[in-house]
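Q: would you be able to build a 3D model of this:
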Amino acid sequence: MTRSIANLQAALTLLEGFCAQGLRHLVLCPGSRSGPLAHAAGGLARRGRLTLITAIDERSAAFHALGIAAGSGRAVAVITTSGTAVANLLPAAVEADRSCLPLLLLSADRPERLKHCGANQTVNQEAFLRSVCRWLGHGDSAGIDRMEPKALQALAVQAWGEAHCWPGPVHLNLPFEEPLHPSALEQERVWRAWADAPPIAASERHSATPPPLRPGDPSAWDPRVALDPDRPGVVIAGPWRGQPHQHPAFRQALRAWLQRSGWPLLVDPLAAIPADLPGQVHGWDLLLPDALPLPDGLEPRDLQVLRLGPMPASRRLERWLQSLVGPQVVISEGERRGLDPLRLASQWSGGLASWWQALASELPEAAAADGAETPSQVLRQLWQQQDQALRTWLEAPLPARGAVSEPALMRALPPLLPADCAVMLAASSPVRDWQAFALEERGRHRCISFRGASGIDGTLSLALGLARAHGPTLLLTGDLALLHDSNGWLLASSQGPPLLVLLIDNGGGGIFEQLPVPVASADQFDQLFAMPQAADHLALAAAHGVPGRAVACLEDLAEALDWGWAQGRPALLRVRTDRGRDAALRLALRRAVQAGDHNDCATGCLP
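A: Coordinates of the predicted model:
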C-alpha cells in the first residue's frame, strides 16, 4: 500500500470515528498538508455522512463552527493545514473555552523528522492552543498513517468525549508524511473498500470525566447550606451556559424555587427564561438602584441573592450587589471555574436542579397562607409594578417613529420579529442596549451573545453559523464589529443560511461614548477610541453578492424587515445613528428613571 493511500485511509478512519460519535458539520480550510483530511471530508460529505462547509480564512472558519455548535449543542470540526493557519484558530478557541461550547480543531502537521530543522511551514503549532483547550491530542509523530484503525477510532472517541464532558475546545494535532495526495484511481479504490466495510459502532463512546476537585473548588461547597426561601431575596438569571439537555430540569427547578420563595426574578435577555415564569422584572438595568426600592421594614441586610450563571453585563447590578450584606449563592450548570468577580458568593457548579433537589429534601413545608402577603411577595409586587410603569413611560421618550436612535430601535424591534427567529447580539453596545431597552422582548425569542471573552472578533461568522444550525436569525451589530469580521461574508451564499444583519452604523465604536474617557478634543477621541472607518457596508456586502438596503426611519423598519426575511439568504439592513446623541439620550433616560419620573406617565418625553 502506498503512503498516500494510507494517509487517506487514516484520515477517513478518524473522521468516520467522529461521525459515529455524532459529528454532523465540518468546516474545511485550504491547505496541502491537510490534503488527506480534505479528501476524506469531501468523500464523506458526498455520501451524506456530514455537511461540509469550506472557508478560506481559518479565523472566520473557527468562529463559524462555533456558531453552529452554539445553535446545535454539539461539536463542529474545523480542519486546517500547518503553520500560522493554526494560530488563527486561537480567538475562537478562547471564546469556546469561556462560553463552554464544544469545538473540535484538527490541524495537519509535519512529521517529527521535519521539526526544529528549518523546514518550511513547520512551527510549534501543537502548543498554540494548549492554554485554552480541554484536551490536546496527538497523532503518531511519524505520521498518522502508522496508527492502527482502532487507535485512530479511540482518538476520535476521546476527543469527542473531552469536548462535551465539560464543553469546550479540543485540539488534535495530526502529522502527515508525504506523499499526501493519492491519485483519483487510488481514491476510488479506497472508497469502494470503505463502502464494503461495516460502519463504526456508535456505541463505542468515551466516557470523559471532569477534572478532579481541588480545595476551594466551587463543587466542593455543600448546596444544602444555602438560602432560606421563607425569607426575602431575589433571583438573578444571567446568561445561559448549560447544555441543551440540562435546560428542562433547570427551568423546572427555577419554577419550583420561585413558587416556593415568592422572590422576584431579574432576567438577563440571554438567560433563556420562558415568558411564563412568575415574578420577572425585565427593566432592572434602568431601575437599579433607586427605582427598585425595598418595602418598608426590609433592609439591605435582609435580602438574599440567588445568581444563576455568569454575571450580566451591568456595572449598576454589580454596584447594587456590593451594597447588600445578606448571603449570596452562584449556581452554574457545570462551569467549574469561579463566576463571582465580586467575591461575595458561595458557588455550586452542579446545576440548579441538583441544588434544588438537595435543598428541597430538607425544607419544611411552606407555612399556610393566612391572607397576608409575605415580605417576599410584597417585594415582588412592588418591583413588578415599577417594571410595568417603566415600560409604559418609555413609550413617550422612545416612540416607534422618526429618526433612528439606538434605544428606540431596541424598543421597537421585538414585536416586529418572527416568533421562530433567534436574535444574536454583538458583544458591545447591542447586548447592553437590548438588555436595557428591549423590554417588550419578554422571552419572545432565543437571544444569544458570545460574551465568554466579550470580543467582537468573529461576529458575522458566528451569526452565520448560528443561522445555519437554528434557522432564521437576526444579527444586531455595530459597524466596527461587522467590519472586523468582513471575511465572514465569504460564508454567505444564495442558498443561505437565513441570516438578516441589522447594522447600526454610528461611525465608530459607540460603546466608548458611554465610558468616562477623558480626551482633549473630539478628534483625539475618534483617533484613539472610536476609530471611525470609511467603509461602505452596503457596497462591501454587495461585493460579496449579499443584498442590502438602508433604513431611513423607524416607520420603515417593519417593511424593511419583511424584505430581509423574504430573501431567504444572508441580507443586510443598515440604519445610521448618532453615537454622541444616543449616549446623551441613554444618560438622560437613566437619570429620569432614578429620579422617579417613570412613576408619573404624564411627564411625557424627556426635556
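Q: wait, what's in contact with the residue most central in space within the chain?
A: By Cα atoms, centre = their mean, the chain has its centre lying nearest to F450, at 3.1 Å. Contacts for F450 (Cβ atoms under 8 Å, 6 or more residues apart in numbering) come out as 66, 70, 95, 99, 427, 458, 462. Where you see a C-beta, it was placed from the backbone N, CA and C, and this is true even at glycine.
Q: ok now do the nearest residue to W257 once chain neighbours are set aside, which residues does it touch?
A: Among residues not flanking W257 along the chain, W356 sits closest, at 5.9 Å (Cβ to Cβ, 6 or more residues apart in numbering). Going by Cβ under 8 Å, 6+ apart, W356 touches 253, 256-257.
Q: tell me the domain ranges of the protein?
A: Listed by automatic domain parsing, the domain ranges of the chain are 3-196, 218-360+374-380, 394-603.
Q: okay, those in CSV with mean pLDDT and distance to A366 next?
A: Conversion of these to CSV gives the following (pLDDT from 0 to 100; distance: least, Cβ to Cβ, whole Å):
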stretch, mean pLDDT, distance to A366
domain 3-196, 95, 35
domain 218-360+374-380, 91, 6
domain 394-603, 92, 27
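Q: go through those domains and pick out the most buried.
A: domain 3-196 (a mean of 21; mean count of other Cβ atoms under 10 Å).
Q: ends of that domain, how far apart?
A: One end of domain 3-196 sits 21 Å from the other (Cα to Cα, to the nearest Å).
Q: report the secondary structure element holding E441.
A: Secondary structure assignment for E441, by DSSP states H and E: no helix or strand.
Q: that one is in contact with H282, isn't it?
A: Yes: the pair E441 / H282 is scored as a contact, 7.4 Å apart, by Cβ atoms under 8 Å.
Q: contact partners for A237?
A: Contacts for A237 (Cβ under 8 Å, 6+ apart) come out as 254, 265-268, 271, 273, 308-309.
Q: what residues does the residue lying closest to it once chain neighbours are set aside make contact with?
A: Leaving aside its sequence neighbours, A237 sits nearest to A271 (Cβ to Cβ, 6+ apart; 3.9 Å). Counting by Cβ under 8 Å, 6+ apart, A271 touches 237-240, 308-309.
Q: okay, these in TSV with distance to D296 and secondary structure next?
A: Below are those laid out as TSV (distance: Cβ to Cβ, whole Å; DSSP: H, G, I helix; E, B strand; the rest coil):
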residue	distance to D296	secondary structure
A237	27	strand
G238	30	coil
P239	34	coil
W240	35	coil
L308	29	strand
G309	32	coil
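Q: closest to C117 among those residues?
A: P239 (47.3 Å; Cβ to Cβ).
Q: now, which of the contacts of F450 lie within helices?
A: 66, 70, 95, 99, 462 (DSSP state H).
Q: which among these gets closest to Q377?
A: Looking across those and measuring by Cβ to Cβ, the closest to Q377 is S99, at 36.1 Å.
Q: part of a strand, is V78?
A: Yes: under DSSP: H, G, I helix; E, B strand; the rest coil, V78 falls within a strand.
Q: would you confirm that it contacts H25?
A: No: with contact defined as Cβ under 8 Å, V78 does not count as touching H25 (9.8 Å).
Q: tell me, what's touching these two both at once?
A: Counting by Cβ under 8 Å, 6+ apart, the residues touching both V78 and H25 are A65.
Q: which residues touch the residue lying closest to A87 once chain neighbours are set aside?
A: Spatially, and ignoring its direct neighbours in sequence, A87 is nearest to F128 (5.3 Å; Cβ to Cβ, 6+ apart). The neighbourhood of F128, defined by Cβ under 8 Å, 6+ apart, consists of 86-87, 89-90.
Q: closest to I53 out of those?
A: Of all these, I53 sits closest to L89, with 15.3 Å by Cβ to Cβ.
Q: show the contacting residues for that closest one.
A: Counted by Cβ under 8 Å, 6+ apart, L89 has contacts 58-59, 62, 78, 80, 105, 107, 128-129, 171.
Q: which of the residues you listed fall within helices?
A: 58-59, 62.
Q: ranges for the strands of the stretch 151-300 of the chain?
A: Remark: strands assigned in the stretch 151-300 of the chain by DSSP state E, counting those that start in this stretch are 169-175, 233-237, 265-267, 280-281.
Q: correction: the stretch 401-550 of the chain
A: Under DSSP E, counting those that start in this stretch, the stretch 401-550 of the chain gives strands at 422-425, 446-448, 473-478, 499-505, 548-551.
Q: show residues contacting the second one.
A: With contact meaning Cβ under 8 Å, 6+ apart, strand 446-448 is reached by 70, 269-270, 272, 422-425, 434, 441, 466, 470.
Q: rerun at 7 Å
A: Strand 446-448 has contacts (Cβ atoms under 7 Å, 6 or more residues apart in numbering) with 70, 269-270, 272, 422-425, 466.
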